[in-house]
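K.L.:
Have a look at this fold, sequence not included:
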């Protein structure tokens, strides 16, 4: 699989926001400080599916323990950026 164009924070944020917007149960704006569970009403099973989709998109593997530390959109973007750029 090819890496999506741009693994900079802005491009990653745009991809994460796109994926989250398809799963969100609210009309809340998706910003870096948006809490994935509380603000977007996305449950842990859906978060798992989202992480898998983003892992496929960026050809990365997010360790389970790292996933449990993700609360905000910024947390997810930062972790993807770290893993996508450290190969």
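P.N.:
The structure has been received and is ready for your questions. Keep in mind the model is a prediction, meaning the values are calculated, not measured. Residues are numbered from 1 along each chain as shown.
K.L.:
Please spell out which residues along the least confident helix or strand in the chain by mean pLDDT are buried.
P.N.:
The helix or strand of the chain with the poorest confidence is helix 64-67; it has a mean of 84 (mean pLDDT, DSSP states H and E). Across helix 64-67, burial judged by 16 or more other Cβ atoms under 10 Å covers residue 67. For the C-beta atoms, the positions are set from N, CA and C on the backbone; glycine is no exception.
K.L.:
So which residues make contact with stretch 36-50?
P.N.:
For stretch 36-50, contacts defined as Cβ atoms under 8 Å, 6 or more residues apart in numbering pick out 19-20, 23-26, 28, 30, 34, 67, 70-73, 76.
K.L.:
tell me how far the ends of that stretch are from each other?
P.N.:
11 Å (Cα to Cα, to the nearest Å).
K.L.:
all helices in this protein, in order from the N-terminus.
P.N.:
Remark: helices assigned in the chain by DSSP state H are 9-23, 44-58, 64-67, 73-85.
K.L.:
Go ahead and confirm residue 60 touches residue 84.
P.N.:
Yes: under the criterion of Cβ atoms under 8 Å, residue 60 makes contact with residue 84 at 5.6 Å.
K.L.:
Show the contacting residues for residue 70.
P.N.:
Taking Cβ under 8 Å, 6+ apart, we find residue 70 in contact with 36, 47, 76, 79.
K.L.:
So what's the residue count around residue 34?
P.N.:
Residue 34 sits with 19 neighbouring residues when counted by other Cβ atoms under 10 Å.
K.L.:
what residues are up against the residue lying closest to it once chain neighbours are set aside?
P.N.:
Nearest non-adjacent residue to residue 34, counting by Cβ to Cβ, 6 or more residues apart in numbering: residue 73, 4.8 Å away. Counting by Cβ under 8 Å, 6+ apart, residue 73 makes contact with 13, 16-17, 20, 30-34, 36.
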